[in-house]
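**Student:** here is a sequence together with a model predicted from it:
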Amino acid sequence: MKKTPIAYQLYCVRNQMEQDLEGTLRRVKELGFDGVEFAGFFGRSAAQIKALLAQNGLTALSSHVPIQQILADPKEVIRYHKELGCPYIAVPYLGEEDRPGAPGFARVLSLMYSFGSQCRDEGIQLLYHNHDFEFVKVSGIYGLDFIYQALPADILQSEIDTCWVKYAGVDPLTYLASYKGRAPLVHIKDYVSDNSGRTPYALIGLNENEEIDRSGFSYRPFGHGVQDAEGLVQAALDAGAKWLVLEQDEPFNESPFEDARLSMETFRRLGVR
């Protein structure tokens, strides 16, 4: 496989970012990552973040921005990311009322068209990051496909989260192939599940000191779960991915940094590092 830049989704280390943003970015670079995808900026200005990234030799690749924040002040969102030099903004999640088939879905499509147009005009590309709920059918097709058919590619590109695709019962390798040329960033994520009904959502948003129940489902370092690691990376590259983005929503080992190290070992074994 060809050498490919790899970014780290900083949601994985959100607690560490809140406590020591500077030290966390340094650790991420030491692990071998080329760039980062943000999930909040913890009160820092774009200039401050840009300086910290420059000090550590990291690229500001992308940023997950909640739809509510986009609605509140789209111009400020674009201004901040343009100053930061961040080429991608991703819509990370939709609440139940805004999901495919729900009453607010049409409003979300309209918002993404408007905001994506503004991003394009400022040299930023809007992305959509999926979960599993986009794989309900809308007008006979998956909701995620409906989104990408409703909005042109220059307005909205994909950020396919391969964990959620597989969890929804869809082959991520085949699905990535269907978005060849429209998949600049691909989320690489692994997990294990015994189909007992324990869902990934049960692990999201826990307090730092709250004990995690991993029975039935747990996120794992890449290459240590159910994903076909080699096939997944090759499928992402074949789809035209410019970057691979590692994400692991909750750590499996004692530290997310240890999990990230194990994931990077998998990337090295596959020859993309």
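**Tutor:** Thanks, I have it.

**Student:** mind listing what's buried in the host helix or strand of residue 106?
**Tutor:** According to DSSP states H and E, residue 106 maps onto helix 105-121. Within helix 105-121, the residues that count as buried by 16 or more other C-beta atoms under 10 Å are 105, 108-109, 111-113, 115-119. In this view, the C-beta of every residue, glycine as well, is placed from N, C-alpha and C.

**Student:** and after that helix, which helix or strand comes next?
**Tutor:** For helix 105-121, the succeeding helix or strand toward the C-terminus, using DSSP H and E, is strand 125-129.

**Student:** ok, that next one: who's next to it in the sheet?
**Tutor:** strand 88-91 (parallel), strand 157-161 (parallel) (DSSP bridges).

**Student:** any chance of those in TSV with distance to residue 167 and mean neighbour count as columns?
**Tutor:** Shown next, in TSV, are these (distance: least, C-beta to C-beta, whole Å; neighbours: other C-beta atoms under 10 Å):
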stretch	distance to residue 167	mean neighbour count
strand 88-91	19	24
strand 157-161	9	23
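
**Student:** and residue 8, which helix or strand is it part of?
**Tutor:** Following DSSP H and E, one finds residue 8 within strand 6-9.

**Student:** by contact count, what packs against whatever helix or strand comes next after that strand?
**Tutor:** Sequence order places helix 14-19 as the next helix or strand after strand 6-9, per DSSP H and E. Using 3 or more C-beta pairs under 8 Å, 6 or more residues apart in numbering; DSSP states H and E, the elements in contact with helix 14-19 are helix 21-30.

**Student:** pretty sure residue 102 is touching residue 109, no?
**Tutor:** No: contact between residue 102 and residue 109 fails when scored by C-beta atoms under 8 Å: they sit 11.7 Å apart.

**Student:** ok, back up a step: need the buried residues of helix 105-121 in CSV (columns: pLDDT).
**Tutor:** Output for these, formatted as CSV (pLDDT from 0 to 100):
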residue, pLDDT
105, 97
108, 97
109, 98
111, 98
112, 98
113, 98
115, 98
116, 98
117, 98
118, 98
119, 98
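
**Student:** and those, which is closest to residue 95?
**Tutor:** For those, the closest approach to residue 95 (C-beta to C-beta) belongs to residue 108, at 9.6 Å.

**Student:** what sits against the closest one?
**Tutor:** Going by C-beta atoms under 8 Å, 6 or more residues apart in numbering, residue 108 touches 67, 94, 98.

**Student:** start to end distance for stretch 135-142?
**Tutor:** 5 Å (C-alpha to C-alpha, to the nearest Å).

**Student:** ok, stretch 5-21 next?
**Tutor:** Stretch 5-21: ends 22 Å apart by C-alpha to C-alpha.

**Student:** which of the residues in it are buried?
**Tutor:** Neighbour-count burial for stretch 5-21, counted by 16+ other C-beta under 10 Å, picks out 5-14, 16-17, 21.

**Student:** just the buried positions in stretch 246-256, please.
**Tutor:** 246-252, 256.
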